[in-house]
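> Show me how the following folds:
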Amino acid sequence: MGTPVVLITGALTGIGRAAARAFAGEGHRIVVAGRHETPGQELAAELRAFGTDVEFLRADVRQEDDVRNLIDRTVARFGRLDAAVNSAGTEGQPGPVTQQTADTYTATFDTNVLGTLLSMKHELRVMQAQGSGSIVNISSTYGHEGAAGASVYAASKHAVEGMTKSAALEAARFGVRVNAVAPGPTETGMLNRFTGTPERKAALATGVPLGRVAEPEEIARAIVFLASDKASFVTGQVLTADGGKTAG
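The predicted structure follows:
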């Protein structure tokens, strides 16, 4: 098979970017995808310093033509697709249910749910035909618990986990695995936007038994594990990496 090929959507920031660096460190051939050309090319140049083969492809996961083209260009460039990390996501517009609108719902679900669905659809199109592959979706601890002030975001991540399990059941007979990672609070721009102030961020961290938020690199290591042959008998699962936040 040669050196594995991995595609990462939402690769320009946060957990997606950390995952790209982690896969580069493992020597994978990588396609990083995002909506912005200049930072995407800058990331690709940074990753090439690891000595691996990297391509940036611009794509908006909310648009099926973009996603179809992304997958086709990945296969044209590298010949196959061994792993995919669907990391593109948004926190939407935090606030109580009474402040949510059809527009805030659509903006969140188009990226987090539709984007994941379209990505899996076209990744599975290739992986099922080749008889192998591993998909890792990015959920959240809010994907299996409620969250005051994050109703729409939490609902979108519940949807991601349901789609992950359903896709895993469909893909298993083709030799393709589908899992998700559910991070707890993680040091990202999304967390800073969601909490709004250092005080609220610190308060959130106090609810984590390990007493801190995660570093993106810690979540990336969980992603690399699930994508790898070390997890060859794991499918349809949500690996929660949250410092004990949901343990009790």
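> going forward, measure contacts and count neighbours with C-alpha atoms only.
OK.
> how about low-confidence regions in this structure?
For the chain, the stretches flagged by pLDDT under 70 are 1.
> and the spatially most central residue of it, how far is that from Ser139?
For the chain, the residue nearest the mean C-alpha position is Ser87 (2.2 Å; C-alpha atoms, centre = their mean). Distance of Ser87 to Ser139, given as C-alpha to C-alpha, to the nearest Å: 9 Å.
> Could you pull out the strands in this protein for me?
Ranges of strands in the chain, per DSSP state E, are 5-9, 29-34, 54-58, 83-86, 133-138, 176-183, 238-241.
> Reformat these as a markdown table; add mean neighbour count.
Converted to a markdown table, the strands of the chain look like this (neighbours: other C-alpha atoms under 10 Å):
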| stretch | mean neighbour count |
| --- | --- |
| strand 5-9 | 26 |
| strand 29-34 | 26 |
| strand 54-58 | 23 |
| strand 83-86 | 28 |
| strand 133-138 | 28 |
| strand 176-183 | 27 |
| strand 238-241 | 22 |
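> With distance to Asp66 as added columns, please give those in a markdown table.
Shown next, in a markdown table, are the strands of the chain (distance: least, C-alpha to C-alpha, whole Å):
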| stretch | distance to Asp66 |
| --- | --- |
| strand 5-9 | 12 |
| strand 29-34 | 10 |
| strand 54-58 | 8 |
| strand 83-86 | 14 |
| strand 133-138 | 18 |
| strand 176-183 | 22 |
| strand 238-241 | 27 |
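> which ones are touching the residue nearest to Val6 when sequence neighbours are not counted?
Leaving aside its chain neighbours, Val6 sits nearest to Ala83 (4.6 Å; criterion: C-alpha to C-alpha, 6 or more residues apart in numbering). By C-alpha atoms under 8 Å, 6 or more residues apart in numbering, the residues touching Ala83 are 4-7, 133-136, 227.
> Check His28 too.
Here His28 is in contact with 3-6, 52-53 (C-alpha under 8 Å, 6+ apart).
> Show me which of these is closest to Val181.
Distance to Val181, by C-alpha to C-alpha, is smallest for Val6 among the contacts of His28, at 16.3 Å.
> ok, what's across the strand from that closest one?
Applying DSSP bridges to Val6 gives these bridge partners: Ile30, Ala83.
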